[in-house]
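*Asks:* kindly return the folded structure for what I paste below:
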Amino acid sequence: MRHHRLFRSAGLTFAAFLVAGGLSWYSATAAPDGSRTSFGAAGNLGDGVVRTFASVDPGGEPTAVGVRLSAAALDGLPAEPAMLMLEFPAEASATAFDHLMLNWNPHGHEPETLFGKPHFDFHFYMTDMASIMRIDPASPGFAAQAAHFPDARYMPRDYVAPPGALASELAVPFMGTHWVDATEGMIPGVYDFTETFINGSWDGTFTFMEPMITRAWLLTEPSLQESIKQPQAYQKSAYYPTVYTVRFDDSTQEFEITLSGMVYRTGP
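*Replies:* Coordinates of the predicted model:
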């Protein structure tokens, strides 16, 4: 397995296939107990719509952030890579997350023996959009920033940078370094990619959480709930998720990818 090429081509396509959201869709729904889900920015994808959301409890404390894709969003997808950058609603402001980057990879990406299937990357970013755009190989500081990994205590348990490469080769332009779960057994020819949970960093900072999900698996209308592996310490004080969920909502005909079970963590 050529670990050092993980996600490299995906980063190189970032600037070329930027897709404007095209919609603003801010609304909220309230439950009888006073909890509330607010919908943020929305964009067109395929024949459907994608929209971010955040949920809060009756006291206004965050309980979840996520993204919903209408069923039609899985049809009529472009033949080339595409990307949406979507803000979360204001109710997510107390969480660690700033915005969502959604990538559609119709041909998968490297290494193709692992991630060659058509799939979506859902980057839940903890830094702002401008910071992501500065992860540029043309920048004089790129190599030094790529070589600056977070202290191990700030990265979730079992996550490692792909080994066997120079730091500059691990960095994906306009994204950062992707870390994989060492316990998943990603062996070419054996690993059957349907979904996985990636983490990422840049210049010494833990910067994103990323569910990666194939289109084919979403079409089965799956129901998945699993714990999110946690680090020993946190770099900033905020609410962080402990649960990752994928489901299909029959009532709205939407696929939902959610990070929930929010717990307040104190940074240094």
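*Asks:* hang on, residue 131 in a helix?
*Replies:* Yes. Secondary structure of residue 131, determined by DSSP: H, G, I helix; E, B strand; the rest coil: located in a helix.
*Asks:* now do the contacts for it.
*Replies:* Applying C-beta atoms under 8 Å, 6 or more residues apart in numbering, we find residue 131 in contact with residue 202. All C-beta spots, glycine's among them, are computed from the backbone N, C-alpha and C.
*Asks:* so it versus residue 42, what's the distance?
*Replies:* As defined by C-beta to C-beta, to the nearest Å, residue 131 lies at a distance of 23 Å from residue 42.
*Asks:* cool, residue 249 as well?
*Replies:* Distance from residue 249 to residue 42, by C-beta to C-beta: 16 Å.
*Asks:* which one's more surrounded, the two?
*Replies:* Neighbours per residue, other C-beta atoms under 10 Å: of residue 249 and residue 42, the larger number sits with residue 42, 23 against 12.
*Asks:* show me what the helix or strand that contains that one is packed up against.
*Replies:* Under the criterion of DSSP states H and E, residue 42 resides in strand 36-45. Strand 36-45 makes packing contacts with strand 22-30, strand 48-56, strand 82-87, strand 99-105 when contacts are defined by 3 or more C-beta pairs under 8 Å, 6 or more residues apart in numbering; DSSP states H and E.
*Asks:* could you tell me the least trusted of these?
*Replies:* Least confident of the helices and strands packed on strand 36-45, judged by mean pLDDT, is strand 22-30 with a mean of 62.
*Asks:* where does the stretch 1-150 of the chain dip in pLDDT?
*Replies:* The stretch 1-150 of the chain contains residues with pLDDT under 70 at 1-27.
*Asks:* contact partners for residue 152?
*Replies:* By C-beta under 8 Å, 6+ apart, the contact set of residue 152 is residue 232.
*Asks:* got JSON lines for the helices and strands packed on strand 36-45, with mean neighbour count and distance to residue 267 too?
*Replies:* Compiled in JSON lines, the helices and strands packed on strand 36-45 are given as follows (neighbours: other C-beta atoms under 10 Å; distance: least, C-beta to C-beta, whole Å):
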{"stretch": "strand 22-30", "mean neighbour count": "12", "distance to residue 267": "29"}
{"stretch": "strand 48-56", "mean neighbour count": "23", "distance to residue 267": "21"}
{"stretch": "strand 82-87", "mean neighbour count": "20", "distance to residue 267": "23"}
{"stretch": "strand 99-105", "mean neighbour count": "23", "distance to residue 267": "20"}
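*Asks:* kindly reformat these as a markdown table and extend each row with distance to residue 236.
*Replies:* Converted to a markdown table, those look like this (distance: least, C-beta to C-beta, whole Å):
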| stretch | distance to residue 236 |
| --- | --- |
| strand 22-30 | 26 |
| strand 48-56 | 18 |
| strand 82-87 | 19 |
| strand 99-105 | 16 |
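*Asks:* picking that back up, the strand holding residue 42: how far from the chain's middle?
*Replies:* Averaging C-alpha positions (C-alpha atoms, centre = their mean, to the nearest Å) puts strand 36-45 16 Å from its chain's average.
*Asks:* likewise for stretch 114-133?
*Replies:* With C-alpha atoms, centre = their mean as the basis, stretch 114-133 stands 5 Å off its chain's centre.
*Asks:* just the endpoints, please. Distance across that stretch?
*Replies:* 27 Å (C-alpha to C-alpha, to the nearest Å).
*Asks:* likewise stretch 127-139?
*Replies:* Taking C-alpha to C-alpha, the first and last residues of stretch 127-139 lie 18 Å apart.
*Asks:* same deal with stretch 145-160?
*Replies:* So stretch 145-160: terminal residues 17 Å apart, C-alpha to C-alpha.
*Asks:* and it, what's buried?
*Replies:* Neighbour counts using 16 or more other C-beta atoms under 10 Å place 145, 146, 149, 150, 154, 155, 156, 159 of stretch 145-160 among the buried residues.
*Asks:* mind checking which of those residues are in helices?
*Replies:* Judged by DSSP state H, the buried residues of stretch 145-160 include 145, 146 as members of helices.
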